[in-house]
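**Q** Need the 3D shape of this:
(one chain, ligands or ions: 1)
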Amino acid sequence: SLLYRVDGWGAPYFTVNSNGNIAVRPYGPNTLAHQEIDLLQVVKRTSDPKISGGLGLQLPLIARFPDVLKNRMDSLQSSFDYAVRCHGYESHYQGVFPVKCNQDRFVVEDIVKFGSGYRFGLEAGSKPELLLAMSCLSGGSPDALLVCNGFKDMEYISLSLIARKLHLNTVIVLEQEEELDTLIDAHRKLGVRPVLGVRAKLRTKHSGHFGSTSGEKGKFGLTTTQILRVVRKLQQCEMLDCLQLLHFHIGSQIPSTALVADGVGEAAQIYCELVRLGACMRVIDIGGGLGIDYDGSKSQNSDISVGYSLQEYASAVVEAVKLVCGGKGVKHPIICSESGRAIVSHHSILLFEAVSASSLHSRQIISPGELQSFLDDLTGESLADYDNLSAAALRGEYDNCLLYAEQLKLHCVQQFKEGSLGIERLAAADALCELLSKAIGVSDPIATYHVNLSVFTSIPDFWGIGQLFPIVPIHRLDEKPSVRGIISDLTCDSDGKIDKFIGGESSLPLHELAEGGGGGYCLGMFLGGAYEEALGGMHNLFGGPSVVRVAAAAATQGDGFAVTLASPGMSCGEVLRVMQYEPAAMFRTLKRRLDEYCDDGDDAGAAKAGLANGLARCFNNVPYLSSPELCSLTA
Ligand code: PLP
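**A** Numbers count the residues shown, from 1 in each chain. Next up is the predicted model:
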């Protein structure tokens, strides 16, 4: 556990149990020991069709833990409730979940259900996101906010007005000044009075990687001048009472509460000015930015860590709004935040299997006799290299030995290219270099573990922006890892690898795979519940992983968990359909060729049927490697 810093990034949701496996603590700090869920058991239950209740799903697998999600939401809400009480704040906190962080239907439905007691709402940034938010919020609290952000056209704005007509508590946030004219148009056509917000471009700047949206040159929001123009136009149209919300977002993963307070304080000043100018302001929406600690370092100087707790964040926000509004005698607004990363990251774990590992040394097929005969036959420059090598060895100059060995190899490669050296001799030159490196102790100690996963599909932020996530074997943690390795994925792309890990490491401590290659060694990528699924692509046509929803259950029920939902990853046919292929027509074409070319012999009929079945199975199965070894996992 120390080796992988589980106590740092994992607390209070993940721990290592007495079996040496990672266990999920579904209720966070309130979890009792017997309520912990062993992740390896989850993999076994969902992947092994033979054990009772086994679902036969293939890895990679996303295991979602709704109890963890609920705990995150409850913790955020209670942190703000506590801060409101402590600071004598005279309004309340009412959050929204930005669905872009994870649009999965069951995640969004859970969020609406878990948050209905405290009016938790949703934020949308596009038309399909607005449609899903409207539909999901229909089952939630009537007071929950539906915040419409993002670039908007007439259709988007009309849809958000329809949402108001449907008695959803919808606020259209102007991100661009031009949106106002479209909105006034839509309001006149549909006869629905909007509730409006403006997104302000703050001067406060978040200088980390995730802060590029902040500052005066940020992509979104209105400048001070534009906000004033919007106010005047609304006044002219007798719609200034519609303006009720001020929004800003200075970027994700805000590193310190000092920066949070700075941004919120500036926004609160704008809020008070809008009140002074006559708008009917009610809500200050502080956007996202509540960060999480991916490496457990609690550092304020890193893109992947934060130096505050939920409680400290909530206190900084409430205090900053109160200070400004109190000073100006302005009624305290409802505080809304759009925390995505902090809500959904923990509840979802990506589980995948190592299928093989490059051995540190290739299995040599060159015998000592063959090596000797190769050396005996050396001539010219190669012989001179070898003589130099032997002399350096006698003098104990090991670095020079390696240098001459490499030179000898280069000469052999040259001869091979010219056609004057056979392939066995070239292999002997490689073997000589490898033997020497091993004897001197300078051979590369880093192994490559090949995993049944696509980095592009499942960890796109690692590939795209170099974001690090904790990656840990989910079992054998009571065994000292004997290898250091990097991870290489299934795609035919050299960027499909992970060679940077939390703690600044360029390799990961790993356990040796079972004899005969891989299978059965499972790893988890943690804290990836936000953004990764939404951003993932289809490189090499690997679709998304299988997904299971794992609910904590009374300990009397077997392993203390129940799989309440299971959906296999996209099949080969389904991913092909995304690229406009028609799998049924493809199958028919191939079947015709089968009929044409496979019609000889007595048992041609049976053979043909077998091949056709094989073809059909390929269309129906997932594109990842099938992993029968999983069935042999032991707890
Ligand atoms: N709100 C807006 C407008 C955003 O652009 C984002 C993400 O970038 C969020 C909320 C979510 O931010 P976070 O994931 O930091 O909570």
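
**Q** Now the stretch 451-600 of the chain against the ligand: closest residue?
**A** residue 530 (5.7 Å; CB to the nearest ligand atom). For every residue, glycine as well, the C-beta is placed using N, CA and C.

**Q** Is there a neighbour count for that residue? I'd like the number.
**A** Residues within reach of residue 530, counting by other CB atoms under 10 Å, total 26.

**Q** For it, which residues are in contact?
**A** 101-102, 340-341, 343-345 (CB atoms under 8 Å, 6 or more residues apart in numbering).

**Q** Okay, residue 617 and residue 610: tell me how far apart.
**A** Computed with CB to CB, to the nearest Å, the distance linking residue 617 and residue 610 is 11 Å.

**Q** One more: residue 242?
**A** Counting by CB to CB - residue 242 and residue 610 are separated by 69 Å.

**Q** again, but for residue 562
**A** 39 Å.

**Q** Compare neighbour counts for residue 242 and residue 610 and give me the winner.
**A** Higher neighbour count among residue 242 and residue 610: residue 242, with 20 against 12, using other CB under 10 Å.

**Q** Quick one: residues contacting the closest residue to the ligand within the stretch 101-250 of the chain.
**A** Among the residues of the stretch 101-250 of the chain, residue 249 lies closest to the ligand, at 3.9 Å counting by CB to the nearest ligand atom. Counting by CB under 8 Å, 6+ apart, residue 249 makes contact with 199, 213-214, 220-221, 286-289, 338.

**Q** now the helices for the stretch 301-450 of the chain?
**A** Counting by DSSP state H, counting those that start in this stretch, the stretch 301-450 of the chain has helices at residues 310-328, 341-344, 368-376, 380-394, 398-418, 423-440.

**Q** got CSV for these, with distance to the ligand too?
**A** Below are these laid out as CSV (distance: least, CB to the nearest ligand atom, whole Å):
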stretch, distance to the ligand
helix 310-328, 11
helix 341-344, 3
helix 368-376, 59
helix 380-394, 58
helix 398-418, 49
helix 423-440, 47
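
**Q** Comparing those helices, which comes out most buried?
**A** helix 341-344 (a mean of 27; mean count of other CB atoms under 10 Å).

**Q** If you average the pLDDT over that one, what comes out?
**A** Average pLDDT, helix 341-344: 98.

**Q** Please compute how far that helix lies from its chain's middle.
**A** Distance, stretch centre to chain centre, for helix 341-344: 11 Å (CA atoms, centre = their mean, to the nearest Å).

**Q** Kindly report the same for stretch 396-405.
**A** 46 Å.

**Q** Same check on stretch 548-562?
**A** Counting by CA atoms, centre = their mean, stretch 548-562 comes out at 25 Å from the chain centroid.

**Q** Residue 200 is in contact with residue 270, correct?
**A** Yes. The pair residue 270 and residue 200 passes the contact test of CB atoms under 8 Å, sitting 5.3 Å apart.

**Q** hey, what's in contact with both of these two?
**A** Residues touching both residue 270 and residue 200 (CB under 8 Å, 6+ apart): 224, 227, 246.

**Q** Could I have the buried ones of the residues you listed as PyMOL selection syntax?
**A** Buried members of these, defined by 16 or more other CB atoms under 10 Å, are picked up in PyMOL with:
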select buried, resi 227+246
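
**Q** Among the shared contacts of residue 270 and residue 200, pick out the one closest to residue 415, please.
**A** Minimum distance to residue 415 across the shared contacts of residue 270 and residue 200 is 73.5 Å, recorded for residue 224 (CB to CB).

**Q** Contacts only, for the residue lying closest to residue 454 once chain neighbours are set aside.
**A** Ranked by CB to CB, 6 or more residues apart in numbering and with sequence neighbours excluded, the top spatial neighbour of residue 454 is residue 542, at 3.9 Å. When the contact criterion is CB under 8 Å, 6+ apart, the partners of residue 542 are 454, 456-457, 490-491, 575, 623-624.

**Q** need the contact list for residue 267.
**A** 200, 202, 246, 248, 284, 286.

**Q** tell me which of these is nearest to residue 19?
**A** residue 286 (42.8 Å).

**Q** Direction included, what does the lengthiest strand in the chain pair up with?
**A** Assignment by DSSP state E gives strand 348-357 as the longest strand of the chain. When pairing is defined by DSSP bridges, strand 348-357 lines up against strand 61-64 (antiparallel), strand 446-451 (antiparallel), strand 521-525 (antiparallel).

**Q** Contacts (any at all) between the ligand and whichever helix or strand comes after the first one?
**A** Reading on from strand 61-64 to the C-terminus, the next helix or strand found by DSSP states H and E is helix 66-86. No. Contact check for helix 66-86 against the ligand, using CB under 6 Å from any ligand atom: none in range, with a minimum separation of 10.5 Å.

**Q** Specify the local secondary structure of residue 564.
**A** Recorded secondary structure, residue 564: strand (DSSP: H, G, I helix; E, B strand; the rest coil).

**Q** okay, now it: neighbour count?
**A** The local packing of residue 564 (other CB under 10 Å) involves 13 other residues.

**Q** how about residue 17, what does it touch?
**A** Counting by CB under 8 Å, 6+ apart, residue 17 makes contact with 23, 36, 38.

**Q** now swap in residue 111 and tell me
**A** 69, 73, 97, 120, 122, 343.

**Q** how about the residues of the stretch 1-150 of the chain near the ligand?
**A** Within the stretch 1-150 of the chain, the positions adjacent to the ligand are 98, 101, 149 by CB under 6 Å from any ligand atom.

**Q** Mind putting the residues you listed into JSON lines with pLDDT and neighbour count?
**A** Shown next, in JSON lines, are those (pLDDT from 0 to 100; neighbours: other CB atoms under 10 Å):
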{"residue": "98", "pLDDT": "98", "neighbour count": "25"}
{"residue": "101", "pLDDT": "97", "neighbour count": "24"}
{"residue": "149", "pLDDT": "97", "neighbour count": "27"}
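
**Q** Mind checking which of those land in strands?
**A** Reading strands off these with DSSP E, I get residue 98.

**Q** Excluding chain neighbours, give the residue nearest to residue 326 in space.
**A** Per CB to CB, 6+ apart, closest to residue 326 is residue 332, 7.9 Å.

**Q** If I look at the one you found, what pLDDT would I see?
**A** 98.

**Q** For it, which residues are in contact?
**A** 89-91, 321-322, 325-326.

**Q** before we move on, what about residue 187?
**A** Counting by CB under 8 Å, 6+ apart, residue 187 makes contact with 161, 193-194, 239.

**Q** got the CA positions of the helix or strand where it lies in CSV?
**A** If you go by DSSP H and E, residue 187 is part of helix 179-190. Taking C-alpha atoms only, helix 179-190 is exported to CSV below (Å, rounded to 0.1, in the frame of the first residue of the first chain):
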residue,chain,number,x,y,z
GLU,A,179,-26.5,35.1,-27.8
LEU,A,180,-28.6,37.8,-26.3
ASP,A,181,-30.2,38.9,-29.6
THR,A,182,-31.1,35.3,-30.4
LEU,A,183,-32.5,34.9,-26.9
ILE,A,184,-34.7,38.0,-27.2
ASP,A,185,-35.9,36.7,-30.5
ALA,A,186,-36.7,33.3,-29.2
HIS,A,187,-38.5,34.7,-26.1
ARG,A,188,-40.7,36.8,-28.4
LYS,A,189,-41.5,33.9,-30.7
LEU,A,190,-42.2,31.4,-28.0
